[in-house]
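> Sequence and predicted structure below; questions after.
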Amino acid sequence: MKNSYLIIFLILTSCNMKKIEISEPKAEKINTVLTAHGDERIDEYYWLRERGNPKVIDYLNSENSYRDEYMKDYKNLEKNLFEEIKSRIKEDDSSVPYFYNRYYYYTRYEKGKQYPIYCRQKESLEAAEEILIDANIMSKKHEYFQIGGIDISTNNKFMAYGVDTISRRLYTIHFMNLETREIYKHTISNTSGSITWANDNQTIFYDKKNTKTLRNERIMKHKFNSGSEDKEIFFESDEEFDTYSYKTKSEKYIIITSSSTLSDEYRYASADNPDENFTIFQERIDGLEYSISHFKNNWYIKTNKDKATNFKLMICDENNTSSKKWKDYIPHRKNILFEDIDIFEDFLVITERENGLRKIEIRSWGKTENHFISFNEETYSLGSSTNSEFNTNKFRYNYSSLTNPNSIVEYDMLTKEKKILKESEVIGDFNKENYTSKRVWAPARDGKKIPISLVYRKDTFKEGQNPLLLYAYGSYGITNNARFSSVRLSLLDRGFVYAIAHVRGSQYLGREWYNDGKMFNKKNTFWDFIDSGKYLIESKFVNKNKLFAMGGSAGGLLMGAVSNMAPKLFKGIIAAVPFVDVITTMLDEDIPLTTSEYDEWGNPNNKDSYDYMLSYSPYDQVERKDYPAIFITTGYHDSQVQYFEPAKWIARLREKRTNDEPLLMYCNMDAGHGGASGRFEAYKETAMEYAFLIALLDD
């Protein structure tokens with residue numbers, strides 16, 4: 001059906017997906033003038049922001065229809081890829097149980113069902129199973145369904161759990177009596193999804209969200225099943241900060257944390273006396289980052305105090321918490337990023353990163369017999385698992401690599417023995433010996449070396465001939481570790497090389513690596529990615545005509561930027577939920593995740609930030625030039641990157657491009673930032689992405 005707001009024209013597709021005439025949607029142009037700092041920008045697709053407008057819905061549906069039609073000859077490939085991906089995943093699976101407060105907790109999946117079943121067993125794994133939540137039953141009437149936190153009262157009698165059925169990350173808290181299985185009528189809406197029980201089993205603290213900006217802005221106190229009105233405990237008035245609540249592992253304190261990108265402030269109160277006033281741990285100071293852990297009579301503080309760029313560990317008495325009283329416990333080290341700690345009765349476990357790789361150190365309290373857990377692979381992924389007990393010598397961690405499926409390992413801190421509790425099973429004929437991984441270093445244009453993790457199948461690799469998918473994120477200091485993916489096998493087994501560029505903007509090489517890829521250094525992220533791609537071509541890891549790129553969210557910004565900066569380098573690009581309309585979004589304080597991110601991108605209300613952000617903003621920098629094939633995904637209910645950013649971007653790309661490579665978009669009308677809910681549904685979008693890449697090789 002032809003709509004007045006759509007101008008339909010015919011194009012001849014350039015790739016050999018299928019050389020036929022096919023209708024391509026082109027959005028109506030309605031100019032909106034946007035002015036800042038005396039600069040005028042014309043946004044001809046601003047009207048696509050009108051959520052709920054039938055014309056907008058029709059346009060998004062027309063994009064979906066166009067993608068379906070364009071890819072119709074590859075529909076069987078999409079289906080086969082989905083079934084292939086699904087077939088490798090063990091359907092009747094379960095997590096490793098962990099022990100907490102007299103119960104073993106775990107989740108399990110049943111064959112043919114999409115959602116997890118949350119369970120526990122009292123004191124022994126031989127005890128009868130108690131099902132806490134069967135999400136398969138709860139989800140039946142919903143297109144989207146997600147469980148947030150599940151929080152059990154200290155006496156193990158009551159359960160609170162969060163539910164989101166829209167995919168806006170606005171959770172409603174429900175309550176259940178675990179003895180009678182009664183679900184109480186009273187609910188709490190617009191929360192972060194989890195709550196914190198005080199030790200009286202009656203007082204609850206929860207995080208209240210602003211329904212427009214989705215910022216966690218209030219901490220509320222609720223008296224369970226009392227009928228009394230909830231009381232506001234803390235309101236975070238600074239729009240650059242978010243606030244959360246939790247209980248310390250020692251269970252002695254309720255904590256309220258208020259954090260921005262570069263500053264933190266904590267408050268604490270007794271979990272035994274939840275009606276007492278909260279005490280400020282250390283007032284916020286611009287640039288002072290810290291987090292706290294409690295053990296016995298002390299607080300342990302991870303912080304960047306005293307110019308500790310890579311962070312250090314400090315200690316103070318639990319009743320004297322001013323930063324003036326903090327003392328160094330593990331000093332700052334220039335070449336080692338201090339990441340986290342796990343505290344046990346007899347041990348302190350330290351997670352740190354050196355030369356890009358995580359390390360775990362075991363320290364005995366008051367002793368000098370410290371040691372590291374050893375790992376042998378060239379590149380890998382490592383992290384602490386659930387360690388909820390204090391009085392144990394067993395430390396659990398997750399380990400995987402590009403060739404080794406994820407394992408949960410239990411490490412005896414006394415005997416140094418490792419016990420694999422579970423290695424994720426890959427169904428089918430997977431053999432890790434068929435694949436190889438390595439880490440290489442690409443020269444950046446400014447002389448820095450960019451680490452790249454690679455994996456490929458040994459018997460399909462031929463120098464300079466393979467297709468390669470290069471992935472990166474590069475923002476917020478988030479580091480993409482080299483972890484295993486059974487989904488990725490569908491590419492590797494078809495001859496693809498897969499690579500992760502650890503670009504600046506992550507913390508792969510420490511905090512300075514992050515600082516050198518944010519704010520006025522953001523373009524380093526983009527150039528690092530481009531230089532990584534060029535190096536991979538020069539080193540013959542990829543055929544120069546078969547280099548593909550992929551990134552999502554802030555990594556989608558990266559994809560948009562490199563498509564403008566080096567469009568001829570890439571055969572095709574996948575941009576998942578891409579943050580591409582940087583200036584307009586960051587100037588709109590009513591949109592989620594704007595004011596809290598000024599320290600990441602800059603505040604465009606300041607002219608210097610405006611000018612710099614405008615110079616790379618993918619939507620604003622679309623020009624008349626040849627663009628590579630691009631496949632964009634988004635979600636109509638996305639709370640982090642609104643659907644209209646990618647919708648506007650593809651419309652402008654179609655208008656400006658001077659060639660006819662395919663520009664496709666899929667908008668999931670039922671989902672948000674994380675894609676479809678359900679264990680397997682999200683892989684349908686993965687199958688679309690992989691089919692797009694494979695189809696381009698037909699050219």
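Good, I have the coordinates.

> So, low pLDDT: which residues of the stretch 51-200 of the chain?
Applying pLDDT under 70 to the stretch 51-200 of the chain flags no residue at all.

> Flag the shaky bits of the protein, pLDDT-wise.
Applying pLDDT under 70 to the chain flags residues 1-21, 592-593, 671-678, 699.

> Tell me where it has helices.
Residue ranges of the helices in the chain, as given by DSSP state H, are 54-70, 75-87, 135-138, 489-492, 511-515, 523-538, 554-565, 582-587, 598-601, 607-616, 644-656, 682-696.

> Which among these is found nearest to Ile254?
Comparing those by their distance to Ile254 (Cβ to Cβ), the top pick is helix 598-601, with 27.4 Å. Quick note: C-beta positions are derived from backbone N, CA and C, even for glycine.

> roughly how far is that closest one from the heart of the chain?
Centre-to-centre, helix 598-601 and its host chain are 18 Å apart (Cα atoms, centre = their mean, to the nearest Å).

> With respect to burial, which of the helices of the chain scores highest?
Stretch with highest mean neighbour count among the helices of the chain: helix 554-565 (a mean of 26; mean count of other Cβ atoms under 10 Å).

> tell me what it is packed against?
With contacts taken as 3 or more Cβ pairs under 8 Å, 6 or more residues apart in numbering; DSSP states H and E, helix 554-565 sits against helix 523-538, strand 547-552, strand 572-576.

> helices or strands up against the first one?
Read that as helix 523-538. Using 3+ Cβ pairs under 8 Å, 6+ apart: helix 523-538 touches strand 435-443, strand 449-457, strand 468-471, strand 497-501, strand 547-552, helix 554-565, helix 607-616.

> These into a markdown table, with extra columns for distance to Gln121?
Below are those laid out as a markdown table (distance: least, Cβ to Cβ, whole Å):
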| stretch | distance to Gln121 |
| --- | --- |
| strand 435-443 | 37 |
| strand 449-457 | 38 |
| strand 468-471 | 39 |
| strand 497-501 | 39 |
| strand 547-552 | 37 |
| helix 554-565 | 40 |
| helix 607-616 | 53 |
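
> Mind checking these for the one nearest to Ile292?
helix 554-565 (27.8 Å).

> how near is Trp47 to Asp58?
13 Å (Cβ to Cβ, to the nearest Å).

> scratch that, Asp328 is what I was asking about
62 Å.

> Count the neighbours of Cys165 for me.
No Cys there; residue 165 is Thr. 17 (other Cβ atoms under 10 Å).

> Likewise for Asn391?
When neighbours are counted by other Cβ under 10 Å, Asn391 registers 7.

> My guess is it contacts Phe347. True?
No: taking contacts as Cβ atoms under 8 Å, Asn391 lies outside contact range of Phe347: 10.8 Å.

> Test my guess that Pro274 contacts Trp197.
No: at 9.2 Å, Pro274 and Trp197 do not qualify as touching, with contact defined as Cβ under 8 Å.

> what sits in contact with each of those two?
Shared contacts of Pro274 and Trp197 (Cβ atoms under 8 Å, 6 or more residues apart in numbering): Thr203.

> if you count what's nearby, which of these two comes out ahead?
Legend: neighbour count by other Cβ under 10 Å for Pro274 and Trp197, higher for Trp197 (24 against 21).

> can you pull the contacts of the closest residue to Leu469 other than its chain neighbours?
Leaving out its chain neighbours, the residue that sits closest to Leu469 by Cβ to Cβ, 6 or more residues apart in numbering is Phe548, at 4.7 Å. By Cβ under 8 Å, 6+ apart, Phe548 lies in contact with Pro467, Leu468, Leu469, Leu470, Phe570, Lys571, Gly572, Ile573, Ile574, Leu693, Leu696.

> Of the helices and strands packed on helix 554-565, which is nearest Thr309?
helix 523-538 (17.0 Å).

> can you list the residues that contact stretch 519-529?
444-446, 448, 450, 470, 472, 474-475, 501, 503-505, 515-517, 549, 558, 561-562, 565, 599-602, 608-609, 612-613, 615-616.

> same thing but 7 Å
444-445, 450, 472, 474, 501, 503-505, 516-517, 558, 561-562, 565, 602, 612, 616 (Cβ atoms under 7 Å, 6 or more residues apart in numbering).

> what's around Tyr498, how many residues?
22.

> so how far is Leu470 from it?
8 Å.

> again, but for Ala160
On the measure of Cβ to Cβ, Ala160 and Leu470 end up 43 Å apart.

> same deal with Gln114?
In terms of Cβ to Cβ, Gln114 sits 31 Å off from Leu470.

> and the two? which has more neighbours close in?
Leu470 (27 against 17).

> Run through the strands of the stretch 1-150 of the chain in chain order.
With DSSP state E, counting those that start in this stretch, the ranges of strands along the stretch 1-150 of the chain come out as 9-12, 21-24, 32-36, 39-43, 98-100, 103-108, 117-122, 129-134, 146-152.
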